[in-house]
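1. Need a 3D model of the following:
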Amino acid sequence: MKTTPRIPHPLRLLPAMLLAALPALAHAIADDNQPVQPVQQIEVSASLIPLGVADSANQGTVTAKQLENRPLLRTGELLEAVPGLIVTQHAGDGKANQYFARGFNLDHGTDFRTTVMGMPVNLPTNAHGQGYSDLNFVIPELISTIQYKKGTYYAEEGDFSAAGAAAFDYVKQLDQGLLSVEAGQHRFHRALVANSTPLAGGALLYALERAGQDGPWDTPEDYQRTNGVLSYSWSRGDDDVRVTAMGMHSSWNSTDQVPQRALDAGLIGRYGALDPSDGGETSRYSLSGDWTRQYADGHGHVGAYFIKSRLDLYSNFTYVLDDPEHGDQYQQAESRQILGLNAERTWQHKLGPFASETAIGVQLRQDRLSPVGLYLSEQKRRLSTVREDEVKERSGALYASNSTTWAPWLRTVAGVRADRYSFDVDSDNAANSGKVDASINSPKFTAIFTPGKHAEVYLNWGRGFHSNDARGITGTVDPRTGLAVDADGAAIERATPLVKATGKEAGLRLVGLVPGLQTTLAAWQLDLDSELIFIGDAGTTEAGRPSRRHGVELTNFYSPAKDWIIDANLAWSHARFRDHDPAGDFIPGSISRTASVGVSGEAGPWSGGMRLRYFGPRALVEDDSVRSPSSTLVNMKLGYQLAANLKLTVEVLNLLNRRVSDIDYYYESQLPGEAAPVADIHTHPGEMRTLRAGLAWRF
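-> Take a look at the predicted model:
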């Protein structure tokens with residue numbers, strides 16, 4: 001009988017963590033009677049986070065300087081700048097990436113919230129997956145910062161943020177125009193023109209990107225993406241205003257994950273497809289406006305946005321299991337409009353004799369899907385409708401938080417968030433139609449201790465949530481059979497609208513013990529309540545179980561000299577179901593160990609960066625009898641300044657040419673010629689070593 005070694009709970013490890021840090025803490029506290037002085041730092045564009053700013057050990061900011069020399073296979077890998085987060089792909093590059101963090105297989109974004117210039121990226125009640133987060137519309141060269149945080153401790157973060165959140169912001173103007181062209185193996189090509197110009201007392205920023213590739217796949221991916229940004233910003237006294245329009249359209253052929261037995265038998269090669277007609281097309285257009293006013297006692301901010309998006313996705317993950325004649329390909333499609341408003345006012349004031357800051361905010365959002373559907377198809381030709389729904393989903397949130405400094409060594413942050421949701425589904429089957437309202441309150445509390453000028457200790461607790469798919473919340477029958485039971489004979493239950501998450505964390509931040517070095521250590525725990533999950537690939541709900549995840553994260557950021565950055569991050573997590581089930585208590589796909597090490601810098605005309613990423617093994621079934629292997633990748637980027645305004649770059653992705661998997665699943669499928677379904681590992685290979693080169697002209 002297989003046994004799993006007992007691992008100490010990370011919150012119980014806190015005394016040991018602090019004990020290990022005692023030499024550093026002793027140094028920090030040694031001159032305890034002296035006032036805290038600013039930390040000495042080497043002047044670099046990628047700045048460290050000073051003490052007294054962050055509310056947790058896992059909160060941070062990634063700057064444009066840190067991204068400049070970072071090699072990227074895909075746009076979504078920008079999120080790997082968040083320590084402990086892994087980005088992969090199990091289908092075509094035009095599809096939202098697969099994300100992993102804090103013991104989660106986050107699928108395409110559930111439980112990790114992303115925003116771009118204040119606009120939400122996660123899509124609830126998505127045709128393919130709840131919280132679908134497609135970042136392909138982001139242009140890396142325009143990013144000014146990525147601000148990230150993990151856990152349930154922040155009043156301003158709502159739906160999908162239980163594991164964490166990342167906010168992308170763009171520059172308002174460029175110092176110089178940019179014309180960049182790139183080319184590489186597998187017909188990779190990318191061109192970008194971006195510039196800003198003074199206009200009517202403000203700045204007009206524009207960018208246009210065109211990119212595509214075939215990839216190493218036997219069926220050429222023929223990925224084509226067109227992306228554009230037009231932004232106007234201006235300042236008048238205490239007011240700052242920015243209006244931004246974005247647009248993106250892409251299409252692709254998809255080589256999805258394939259069963260290991262097909263590879264072993266030589267039915268297809270490593271980069272082959274079993275259904276070469278899989279693929280998709282998507283678009284996203286948005287208009288947003290932001291207004292910020294500085295007051296004598298704080299600031300106010302109002303942001304509004306309108307987003308229009310479409311998705312058509314063709315997938316076949318089981319081949320001929322359900323339909324030997326036509327195959328199992330299906331189409332998932334949606335047409336969506338989003339309206340939203342964010343407003344916040346902050347005040348600096350006194351709470352008795354103590355310095356304090358209070359923030360009050362409102363967040364409103366409406367998603368209208370007309371329609372969202374699941375259809376059976378063959379060779380991208382629609383055969384029949386499984387289900388088709390008109391959905392209106394509205395949400396409103398009111399939050400408040402207060403940060404008070406009680407002593408030079410103690411600050412607290414207390415907050416509360418109240419969310420109200422309305423789900424309205426008009427289905428083609430009346431039994432799956434309905435209206436449901438739901439609400440949830442999420443209190444938060446943090447205590448921050450500053451024992452000296454080099455150290456900060458955090459204790460965090462908070463509740464958060466994620467929403468479930470509206471169709472699962474109102475559905476009562478299987479759309480394929482019309483019966484009130486699923487394929488296993490179990491009664492179909494309506495999904496819980498809002499699923500509670502409770503998190504706690506203890507952390508330590510050390511800054512400036514070595515000039516230019518910042519180290520953080522955090523032990524965390526996250527509980528998710530029992531839930532039902534809507535499976536977009538089937539159009540129905542699947543029972544979930546209550547879970548607990550805990551772990552430890554260590555991050556290091558070091559700038560040894562001007563324009564040089566070294567970072568090293570380790571994350572360990574332990575994810576288990578909390579209830580008893582003979583199937584086992586492992587959560588399939590949950591990540592347990594990650595590591596990354598990177599170095600980047602500039603010396604004379606040369607610049608570059610190299611990164612190593614370790615993606616640990618994962619249980620693929622509840623009893624841990626089938627596991628995915630780990631993978632280690634090394635990517636490199638090298639640049640040379642040919643002239644004052646002309647730079648040549650070369651990227652080598654998967655430098656060591658490792659044969660790894662981007663993703664592994666374990667489920668039943670049936671190949672043509674097989675008499676019955678077969679349970680097997682289904683894998684999507686990582687890409688082979690790939691060479692790309694680019695030329696950037698600043699004008």
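2. Please count neighbours and contacts with C-alpha atoms only from this point.
-> Fine.
3. Please report how far Arg394 lies from Lys308.
-> Between Arg394 and Lys308 the computed distance is 16 Å (Cα to Cα, to the nearest Å).
4. and if you look at Leu199?
-> According to Cα to Cα, Leu199 stands 28 Å off from Lys308.
5. Which one of these two is surrounded by more residues?
-> Lys308 (17 against 12; other Cα atoms under 10 Å).
6. can you map out the helices along this structure?
-> In the chain, the helices defined using DSSP state H lie at 14-20, 22-29, 64-68, 260-264, 470-474.
7. CA-only coordinates of the last one in PDB, if you can.
-> Taking Å, rounded to 0.1, in the frame of the first residue of the first chain, the C-alpha atoms of helix 470-474 are listed here in PDB:
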ATOM      1  CA  ALA A 470     -24.200  30.900 -14.900                       C
ATOM      2  CA  ARG A 471     -25.400  27.900 -16.900                       C
ATOM      3  CA  GLY A 472     -24.300  25.500 -14.100                       C
ATOM      4  CA  ILE A 473     -26.100  27.700 -11.500                       C
ATOM      5  CA  THR A 474     -29.500  27.500 -13.300                       C
END
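8. list the buried ones in that helix?
-> Neighbour-count burial for helix 470-474 flags Ala470, Arg471, Gly472, Ile473, Thr474 (criterion: 16 or more other Cα atoms under 10 Å).
9. I figured the last one was touching Gly434, is that so?
-> Yep, that's Thr474 we're talking about. Yes. The criterion here is Cα atoms under 8 Å, and Thr474 meets it with Gly434 at 5.4 Å.
10. Now for the nearest residue to Arg417 once chain neighbours are set aside: which residues touch it?
-> Take Arg417 and drop its neighbours on the chain: the residue closest to it by Cα to Cα, 6 or more residues apart in numbering is Tyr399, 4.2 Å away. By Cα atoms under 8 Å, 6 or more residues apart in numbering, the residues touching Tyr399 are Ala155, Glu156, Ile360, Gly361, Val362, Gly415, Val416, Arg417, Ala418.
11. Quick check, pLDDT for Tyr399.
-> The model reports Tyr399 with a pLDDT of 98.
12. So it versus Arg293, what's the distance?
-> Noted for Tyr399: a distance of 20 Å to Arg293, by Cα to Cα.
13. Return the distance of the closest residue to Trp606 other than its chain neighbours relative to Leu179.
-> Among residues not flanking Trp606 along the chain, Tyr640 sits closest, at 4.7 Å (Cα to Cα, 6+ apart). Going from Tyr640 to Leu179 by Cα to Cα gives 16 Å.
14. if we can go back for a sec, okay, now the residue nearest to Trp606: neighbour count?
-> Neighbour count for Tyr640, taken as other Cα under 10 Å: 18.
15. Wait, it touches Gly601, no?
-> No. Judged on Cα under 8 Å, Tyr640 makes no contact with Gly601 at a distance of 11.9 Å.
16. Common neighbours of the two, please.
-> Joint contacts of Tyr640 and Gly601 (Cα under 8 Å, 6+ apart) are Ser607.
17. where does Ala26 land on pLDDT?
-> Looking at Ala26, its pLDDT reads 39.
18. Quick one: mean pLDDT over stretch 268-275.
-> Taken as a whole, stretch 268-275 carries a mean pLDDT of 96.
19. same check, this time on stretch 244-252
-> 98.
20. any common contacting residues for Thr474 and Gly434?
-> Going by Cα under 8 Å, 6+ apart, residues that sit against Thr474 and also against Gly434 are Val425.
21. what about the nearest residue to Pro546 once chain neighbours are set aside, distance to Gly639?
-> Spatial nearest neighbour of Pro546, excluding adjacent residues (Cα to Cα, 6+ apart): Ser530 at 4.1 Å. Here Ser530 is placed at a distance of 50 Å from Gly639 (Cα to Cα).
22. Against Tyr614, how distant is the spatially closest residue to Gly507 that is not a sequence neighbour?
-> Distances taken as Cα to Cα, 6+ apart put Ala522 closest to Gly507, at 4.1 Å, once the chain neighbours are dropped. Ala522 sits 19 Å away from Tyr614, going by Cα to Cα.
23. So for those two, which sits in the more crowded spot?
-> When Ala522 and Tyr614 are compared for neighbours, Ala522 comes out ahead with 25 against 18, by other Cα under 10 Å.
24. hang on, isn't the more buried one packed against Lys504?
-> No. Applying Cα under 8 Å, one finds Ala522 not in contact with Lys504, separated by 10.4 Å.
25. What are the buried residues along stretch 466-486?
-> Of all the residues in stretch 466-486, those buried under the rule 16+ other Cα under 10 Å are 466-479, 484, 486.
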